[in-house]
Structure formats: structure tokens, C-alpha cells
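S.K.: one predicted model, sequence on top.
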Amino acid sequence: MAAQSNAPLLVAPSDNIFVLTGAGISAESGIPTFRGVNGLWEKYRIEELATPEAFDRDPALVWRFYSWRRRVAKWCQPNAGHIALAEAENQLGERVFICTQNVDSLHEQAGATRVLHMHGKLFESRCERRACGTQPFADQKEYEPDALPSCECGSRVRPNICWFGEVPHHMDTVMQALRRCSVFVSVGTSGVVEPAASFAAFAQQGKSRKIRTVYVGPEEPANLHLFTDFYSGKATEVLPKLFAF
Ligand code: OAD
């Protein structure tokens, strides 16, 4: 059972810290979470907006949703939680690995330089046809139903987001970092979406001694049993204290 904690994280010179973040870390910056009161999936149906089938059925509706999310995210600023993580990364260098399920760029805006976006990036688009060979490109635009983007190859352009039913991005790098880490910290994720919900278990696998697995958030996640420590509170309150070293 996870112990309630509020002490700073004690990091040994040999420690590698894997940080997994979810929608909760950006909530205090004004980006809505997915689940819970006022969560996005309370108002919208996942299968109508965040699946490849939804894009096939109604690309204009899907683009309207992601254009709206771009509009919201453009005005958001990183909060004290993002800043605490960026400072930890600046201080400890490659010993801190930040992997986010979030598609916003608030970690980077806070100064973090090596953030892995496993669910893609809100401000990138790509050709929907993988075989086209073109790379995802930076894209801040909001698209109207009568002017949807298309690729030079003639296929449709879609948000560079990992939708339900698709394989998360950069999973080889993520698994390597999980194998390497000696401390696992998860912030603001409800622990219901795989594979991220199992990362705390993967981090433990194959290691001879039990590693610390820390959860930070105002509510218990669904996978609380995987954590040794539970820091109850908002990211902006807990992270600056947790990473005060
Ligand atoms: P959820 O919306 O499922 O969970 C957000 C979590 O953040 C909840 O557990 C809240 O308790 C917590 N939270 C709220 N405010 C917080 C704060 N100020 N500080 C810290 N925590 C706070 O979001 P995720 O778990 O990130 O995927 O969702 C995972 C994936 O499901 C998303 O990446 C998205 C979604 O469907 C795709 O779109 C593919």
C-alpha cells in the first residue's frame, strides 16, 4: 500500500528518475483534463473524436475538436509543476527522463529540453498515409470544415496525435528508460489508459531491489497499488517541494 508522503525526493548520485506526466499537470495552466468533473470525455464521445475511424467518418468534426484544443492551449502558460520538472532536468541532465501523455508543449515552454510525447503533439500535423514518407510538421493552424488540409501526395492531413487503437509513439525509448530508472514518478494521471498505466509495474520488472514509485496528484489513481509513495496534492504545490534538491 502506498505511504502518504510530503518529503523531498532523496536522489542518490547514481539514481535515474523516470517522470510520467498526465493531464493533471496542465490542469492548473487551464487545459482541461479528460476524466472527472468537467473532464473532456464527460462532454465529448471518445469514439467520435479520437479514433482513426472517427477521422474517416467525419474529418471536419475531428479537426474542429483539435482546432479548439489548439486555440485553448495557445494561451496557456507553464505552471510551477512544469517549472519544477524543467529545473530538475536542467540540474540532473540525462538522469531525468520526462515522458508525457500530454499533447501540449508546456514542459518545453517551462524549459525542459528532452520531453518525449507518447501521445503525439497538438501543434504538429502529418499526412495520414504513413507510406507517403513525409515527416510530421509544426502546425498551429485552426481549420474550418470547408478548408481542411491535404498533403502534396493528395491524402488528408491529420493531427499528429496518437488516437485510441493506435500505437503510442517512441515506445522503444520509453521501455529502455523504464528499464534504466531507479526512481519512478507519476504526476496527474488517472492510471486507466494503457500502456502508461502499467509503467510503474514495468519500471519494477527485472530489478533486484524494490525501487521507489511515487504518485503525485489530488486523488488516488486507479493503479495506486503500484506506488510505494503517494504525495496527495496539486502538481503546483507538490512538485516544487518534491524536487527541492
Ligand atoms: P485524466 O483526465 O484521465 O486524469 C487526470 C488526473 O489528473 C486525475 O487523476 C486527477 O486527479 C489529476 N489532477 C487533476 N488536477 C490536478 C493537479 N492540479 N495536479 C495534479 N493532478 C491533478 O488524464 P490522463 O490520465 O493524462 O489520451 O489521461 C490519459 C490519456 O487519456 C490522455 O493522454 C488521453 C486520454 O484519453 C489520448 O488522447 C490518446
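M.R.: Ah, there it is.

S.K.: what sits against residue 1?
M.R.: Contacts for residue 1 (CB atoms under 8 Å, 6 or more residues apart in numbering) come out as residue 225. Backbone N, C-alpha and C define where each C-beta goes, glycine included.

S.K.: state the distance from it to the ligand.
M.R.: 18 Å (CB to the nearest ligand atom, to the nearest Å).

S.K.: then residue 66?
M.R.: The value you get for residue 66 to the ligand, if CB to the nearest ligand atom is used, is 10 Å.

S.K.: which SS class is that residue?
M.R.: Here residue 66 is recorded as helix under DSSP: H, G, I helix; E, B strand; the rest coil.

S.K.: pretty sure residue 61 sits against residue 49.
M.R.: Yes. Between residue 61 and residue 49 there is a contact at 7.0 Å, judged by CB atoms under 8 Å.

S.K.: so how many other residues sit close to residue 15?
M.R.: 16 (other CB atoms under 10 Å).

S.K.: who in this protein is up against the ligand?
M.R.: Neighbours of the ligand within the chain, by CB under 6 Å from any ligand atom: 22-25, 27-28, 33-36, 39, 50, 101, 119, 162, 164, 187-190, 193, 217-219, 221, 234-235.

S.K.: show me these that map onto helices.
M.R.: Counted as lying in helices by DSSP state H, out of the residues of the chain next to the ligand, are 23-25, 27, 235.

S.K.: could the residues you listed go into TSV alongside neighbour count and pLDDT?
M.R.: Below are these laid out as TSV (neighbours: other CB atoms under 10 Å; pLDDT from 0 to 100):
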residue	neighbour count	pLDDT
23	22	97
24	26	97
25	32	98
27	22	97
235	28	97
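
S.K.: identify the residue nearest residue 160 in space, chain neighbours excluded?
M.R.: residue 124 (3.8 Å; CB to CB, 6 or more residues apart in numbering).

S.K.: list the buried residues of the host helix or strand of the one you found.
M.R.: Element membership of residue 124, judged by DSSP states H and E, is strand 120-127. By 16 or more other CB atoms under 10 Å, the buried positions in strand 120-127 come out as 120-127.
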